[in-house]
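S.K.: Sequence first, then the predicted structure, then my questions.
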Amino acid sequence: MQVPSESRASLLSDFFGIASLKPYQAELIEHVLSYPAHTARPESDVFCEFPTGSGKSVCYMFPAVLQQHTILVISPLLSLIQDQLTQLNSNKRGKIIAFDICDADGAQEPEADNTGPRILFCTPERLCTENFRKKIRDMHQRHPFAYFVFDEAHLIIESGNTFRDDYLKVGWLREEFRTVPVLCFSATCNDFVKSELKMMFKMSAPSCFKLHGTKKNLFLSMHCVSKKSQTCKCGSKNCDWTHGSDVTCASIVKSVNYWGPGEVLVFCNSRNDVEKLQKFLQKMLPDKRIGFYHGALQDCERASVQLSFVKGELDVLVATSASFGLGVNMILVSKVVCVGVPMSVQAVSQMIGRGGRRGQEYYCDFYVKEGDLVKSRIMLDKESATVTYKYRKYMLDSFEAVQFLISNSYADKSLCLLNIIVLGVDAGTTLLSVPYSDLQNFKKQNSTVRACNRAKWNGAVKKWFLPPFAVNAAVAHWNRSAVKTVELLDAPRCQKCSNCRNFSK
């Protein structure tokens, strides 16, 4: 069904509150609109890898509104479902078009005679229960689904391989509904994740849409210390981060003090640190409203805290990075603080994307200690003991990129930190084949290069490897790809991260 351009503009404004589409959004939307109804085409399946805050959700929701379609959105996070329901159903036309159908009793299921657009949401856990499968089949009989959307699709693979087995069972949708396209959206849907999803959904020739580039409105500061360098060398005169600091550091108070309602989001790695930091900040800043959010809270509590923060009723929110904010449209956030070492470069990329969603300049501060890398590595080895070889390598790639990022923030300082994050999402380790008979010569050759380019031993996979971005011609005999041109060296500097600011002085 063709919709006049003036009607499109009106619908875009009324339902999504935006005046026009960005070129990359328009390209993807036109692709989705070109689908012939209920006809299987390999290129109808989609991978969309756009940065956080670039408007991915409009790309799959707007076609449903234009063509009065019914679509099913599978979202791994209840917080994201709540946010999208609230925004969609607060449209200027006063129409209820979005429904959470996770309720087993169907209390929120749309009426059968509803002929308008219907955007239905559920979680992967609910999708894989037998009763819910029947519910989806019945819905498809009444109002055939135009396409299925997997939002934050990287979590289907990441969570499915670690602690949520049900996520790996969602491929039944392709088996059951072979003519319904599958659309996967994520800011960190790298080659490994795409390959796993292709197998899961039996995709033969999916269309891929990827948006490159760094965030032009981001100022990034890495505050790092080690036993050798006990005080932070970030260049900020207000930085008090030291080797002995923890979440009660004065620098963190300074980081959040001069911002308004709903503008500051603080991440910690553990629930204990979240609650400890929230109490400390509330004590130090009694005039501010400071809340906390983590997975141990009841659903109703989490929903209430999220809504209060998004509306600006809280000044600061302290949360675990795994539980809050992924995909949520927090347009007020202009300051993001992370205390501790993230476990993957994908997590870093997601966290720095939580701010600046109106296009405003925003600031991210990371407070890390080299010693925390050791603890994180022990945790990583423990978690990777029960996963597949391929996923173990993926975890290793991600963590090594984080190590490279941190080491460049306090030791080398010659590279742009934002480029490391952006390119690190797709970077991988290079495995080496070193026979035992070559081991002595290998170690000798390996010791002749700079520490950041040296091969390392991974006991989990029983292999020597080169970290992401490492260039080591000395060990090329054991893998020719060890000699490579690193894209990172040629990427233009952001001029706004702490490394670039110090480099330009």
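M.R.: Yep, that arrived.

S.K.: in the protein, which residue is closest to the centre?
M.R.: By Cα atoms, centre = their mean, the mean C-alpha position of the chain lies nearest to Gln350, the distance being 3.6 Å.

S.K.: in what helix or strand does that one lie?
M.R.: In this assignment (DSSP states H and E), Gln350 forms part of helix 345-352.

S.K.: okay, that helix in PDB with CA atoms only?
M.R.: What follows is helix 345-352, C-alpha atoms only, in PDB (Å, rounded to 0.1, in the frame of the first residue of the first chain):
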ATOM      1  CA  VAL A 345      34.000  -3.900  24.500                       C
ATOM      2  CA  GLN A 346      30.400  -4.300  23.400                       C
ATOM      3  CA  ALA A 347      29.300  -3.400  26.900                       C
ATOM      4  CA  VAL A 348      31.500  -0.300  26.700                       C
ATOM      5  CA  SER A 349      30.000   0.700  23.400                       C
ATOM      6  CA  GLN A 350      26.500   0.300  24.700                       C
ATOM      7  CA  MET A 351      27.200   2.300  27.800                       C
ATOM      8  CA  ILE A 352      28.700   5.300  26.000                       C
END
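
S.K.: Averaged pLDDT, it. What do you get?
M.R.: The average pLDDT for helix 345-352 rounds to 90.

S.K.: and the next element down the chain from that helix?
M.R.: strand 362-369.

S.K.: related to what we said a few turns ago, counting contacts, what elements does the helix holding Gln350 pack onto?
M.R.: strand 335-339, strand 362-369, helix 389-407, helix 417-424 (3 or more Cβ pairs under 8 Å, 6 or more residues apart in numbering; DSSP states H and E). Quick note: C-beta positions are derived from backbone N, CA and C, even for glycine.

S.K.: now do 10 Å
M.R.: Packing partners of helix 345-352 (3 or more Cβ pairs under 10 Å, 6 or more residues apart in numbering; DSSP states H and E): helix 154-162, strand 218-225, strand 264-268, strand 335-339, strand 362-369, helix 389-407, helix 417-424.

S.K.: Run the chain-centre distance for it.
M.R.: Between the centre of helix 345-352 and the centre of its chain there are 6 Å (Cα atoms, centre = their mean, to the nearest Å).

S.K.: Return the angle between stretch directions for that helix and strand 362-369.
M.R.: Calculated by axes from the mean of the first three to the mean of the last three Cα atoms, to 10 degrees, helix 345-352 forms an angle of 140 degrees with strand 362-369.

S.K.: what about the nearest residue to Val310 once chain neighbours are set aside, neighbour count?
M.R.: Nearest residue to Val310 in three dimensions, chain neighbours excluded: Met330, at 5.7 Å (Cβ to Cβ, 6 or more residues apart in numbering). Neighbourhood size, Met330 [other Cβ atoms under 10 Å]: 23.

S.K.: so Met330 touches Pro261, yeah?
M.R.: No: counting by Cβ atoms under 10 Å, Met330 stays clear of Pro261, with 12.0 Å between them.

S.K.: quick one: common contacting residues for these two?
M.R.: Common contact partners of Met330 and Pro261 (Cβ atoms under 10 Å, 6 or more residues apart in numbering): 309, 312.

S.K.: pretty sure Pro492 is touching Asn419, no?
M.R.: Yes: Pro492 lies in contact with Asn419 (Cβ under 10 Å); the separation is 8.1 Å.

S.K.: So between those two, which is more surrounded?
M.R.: Shown here are Pro492 and Asn419; by other Cβ under 10 Å, Asn419 has more neighbours (22 against 8).

S.K.: Need the pLDDT of the closest residue to that one other than its chain neighbours.
M.R.: Excluding the flanking residues, the one nearest Asn419 by Cβ to Cβ, 6+ apart is Ala491, at 4.4 Å. You'll see Ala491 listed with a pLDDT of 80.

S.K.: Kindly report the same for the one 3 residues further on.
M.R.: Reported pLDDT at Cys494 in the predicted model: 86.

S.K.: now Gln2
M.R.: Reported pLDDT for Gln2: 53.

S.K.: in a strand, that's where Lys444 is, yeah?
M.R.: No: counting by DSSP: H, G, I helix; E, B strand; the rest coil, Lys444 is not found in a strand; it is helix.

S.K.: Kindly tell me how buried it is, as a neighbour count.
M.R.: 10.

S.K.: Touching, it and Ala474? I think so.
M.R.: Yes: between Lys444 and Ala474 a contact is recorded at 9.0 Å, counting by Cβ under 10 Å.

S.K.: low-scoring pLDDT stretches of the stretch 1-150 of the chain, where are they?
M.R.: Scanning the stretch 1-150 of the chain for pLDDT under 70 picks out the ranges 1-6, 37-40, 103-115.
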